[in-house]
Every structure is written in C-alpha cells, then in structure tokens.
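Student: structure for this input, please:
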Amino acid sequence: MHTPHSTARSFTKTELKLLKSLDTPRKVQDFLDGLPPNFEPDGDECRSPLLVLRTLTAHCIEAAMFAAMALRMHGRRALLVDLAANTKDDDHVLAVFQDSKTRCWGAVAKSNHYCNGYRDPVYRSVRELMMSYFHEYLNYAGEKTLRSYAGPLDLARFDRLGWTTRDGDVWEIPSALVGLRHTRILTRAQERGLRPADEFVRRVNNIERYRRGSRKRFLPPYGAKRSKGKANM
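Tutor: Okay, here's the model as predicted:
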C-alpha cells in the first residue's frame, strides 16, 4: 500500500487500518454509502479526507477526494472528474479509475440519490463513462441537466498543500476543477429536444438515501426482493 508522506504522519493507527482495508473501488464505495451526507449546516465547506474520517459525513466532492486518496493508497492514481450541470442544477464530482486488465473506466461517487453513484469499470473512455450519468442526471422538476465534463484531474499536484490531512477546507481542488476546460456533451438543438422525465421517474429519482438531519438510511418498507425473470417488467 502506497501511503503519501503527509498521510503517514497524520492519520491514527486505527484510521490507517481502515484505509488499508479499503483496497478495492467497491469497498471504498460501500464505505462511502454508509456515511450520511454532509448537509453543511454551518455553510459551504470542502473538508479534507482526514476530516471525512473524523466526522463520518461527506458530500459529493469530499467523498470523491476521500475515494481518490484511498484508491491512490492502493496503487492507483488519485483522479477526479467534474460533471457540470446547467444553471438549474448542481455539479457533481467523481473519483475515476481504470481496471488494470481491461483498461476500462469506472467511478466511485457519493450521491443522496440512486443514480449518480458507483459505476463498474466497463466504460471504454472517460466520455463513455460520463454519458452513463446523463439520462438520470435530473433536477427535482425532472429536467435532464448534465451539460459538460472536465478531467481527469490528478490530485498529486496538490500534495504540497497537504490536501489529504488538512485540518480544514481544501477549496483549491474544486477551484481547479471549475477552472478546467469542460467538454460539452450536447448541441443546442439536442438541448432543446430533450424529453423531461415522466412522473414515475421523477418520483423514483427524488427519493433520498438519507433525510436531512438524520443519520439513518432510507430503505423501502417492502424490502429488497429478487426479480424472477420478467416479473417486474
């Protein structure tokens, strides 16, 4: 396990043991899914991975930075990609990775909605991976709002700033993401022709994994049942 110099001096033995156990993207995603969102009750913040561990909460970019650090500690590069929405929605940040054998791309991501999270490494390019988020990248009105992406950004360039263990915010990273050249994914004509999500899709999309002010995850009251053939079609 590769441990950045600043990390080795700052994480406790217990924290390092946990990070050592997160040795696959799937395990990192499972850990992040178990954390309630950082709803930022005291205002905007962008806390370091160290503070994510200390508070056990994270919003999307905090989770992406944590994931990038954890992946790097196990031999991968710490790469982030920015998904930029139009003015009617929020941007989203992913930690991306490549499968060592297929070289296909996947992503670790935290969202309070079902559709903007993990992606298995089955995508042949970063653009193909980004487009997997397009159809369900919806605002509460059901409008498809994803418009561009940028990156990957290698977080190794921020090592001198101690981004993994800073006792506070790391605004340099979101600022760098916003400043990258973004690649548009739609023409103006395509934007005008987009079909809004129907009522069923909006209702499903607007279910939140964690309710604001609660650390308890939402689960459907009927539980999870396996589909048999086409029974649910």
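Student: only C-alpha atoms for contact and neighbour calcs from this point on.
Tutor: OK.
Student: what average pLDDT does stretch 110-117 get?
Tutor: Computed over stretch 110-117, the mean pLDDT rounds to 86.
Student: let me fix that: stretch 122-129
Tutor: 97.
Student: C-alpha coordinates for that stretch, CSV please?
Tutor: C-alpha atoms of stretch 122-129 as CSV (Å, rounded to 0.1, in the frame of the first residue of the first chain):
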residue,chain,number,x,y,z
VAL,A,122,-16.9,-1.3,-18.1
TYR,A,123,-16.6,2.0,-20.0
ARG,A,124,-14.1,2.3,-22.8
SER,A,125,-13.4,6.0,-22.4
VAL,A,126,-14.0,8.8,-19.9
ARG,A,127,-16.6,10.3,-22.2
GLU,A,128,-18.5,7.0,-22.3
LEU,A,129,-18.4,6.8,-18.5
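Student: so where is this protein shaky, pLDDT-wise?
Tutor: Counting by pLDDT under 70, the ranges of the chain that qualify are 1-9, 213-233.
Student: in it, which spans are strands?
Tutor: Using DSSP state E, the strands of the chain run over residues 79-85, 92-98, 105-108, 119-123, 146-154, 183-184.
Student: so which of these is nearest Tyr133?
Tutor: strand 146-154 (8.1 Å; Cα to Cα).
Student: and the angle from the closest one to strand 79-85?
Tutor: Going by axes from the mean of the first three to the mean of the last three Cα atoms, to 10 degrees, strand 146-154 is angled at 160 degrees with respect to strand 79-85.
Student: which residues touch the residue nearest the centre of the chain?
Tutor: Geometric centre of the chain, nearest residue: Ala109, 2.1 Å, by Cα atoms, centre = their mean. Listed by Cα atoms under 8 Å, 6 or more residues apart in numbering, the contact set of Ala109 reads Gln29, Cys60, Ala63, Ala64, Ala67, Val93, Leu94, Ala95, Asn116, Gly117, Tyr118.
Student: now compare these and name the two farthest from each other.
Tutor: Taking Cα to Cα as the measure, the contacts of Ala109 have their most distant pair in Ala67 and Asn116, spaced 14.9 Å apart.
Student: identify the bridge partners of the residue lying closest to Val93 once chain neighbours are set aside.
Tutor: Taking Cα to Cα, 6 or more residues apart in numbering as the measure, Val93 lies nearest to Asp82, with 4.7 Å between them; neighbours along the chain are not counted. On DSSP bridges, the residues paired with Asp82 through beta bridges are Val93, Ala150.
Student: most surrounded residue in the contacts of Ala109?
Tutor: Neighbour counts for the contacts of Ala109 were taken using other Cα atoms under 10 Å; the highest belongs to Ala63, with 32 neighbours.
Student: ok, now which ones touch the closest residue to it other than its chain neighbours?
Tutor: The spatial neighbour of Ala63 that comes closest, neighbours along the chain excluded (Cα to Cα, 6+ apart), is Lys110 at 6.1 Å. By Cα under 8 Å, 6+ apart, Lys110 lies in contact with Gln29, Leu32, Asp33, His59, Cys60, Ala63, Ala64, Leu94, Asn116, Gly117, Tyr118.
Student: and with 10 Å instead?
Tutor: Applying Cα atoms under 10 Å, 6 or more residues apart in numbering, one finds that Lys110 lies in contact with 29-30, 32-37, 58-64, 67, 92-95, 116-118.
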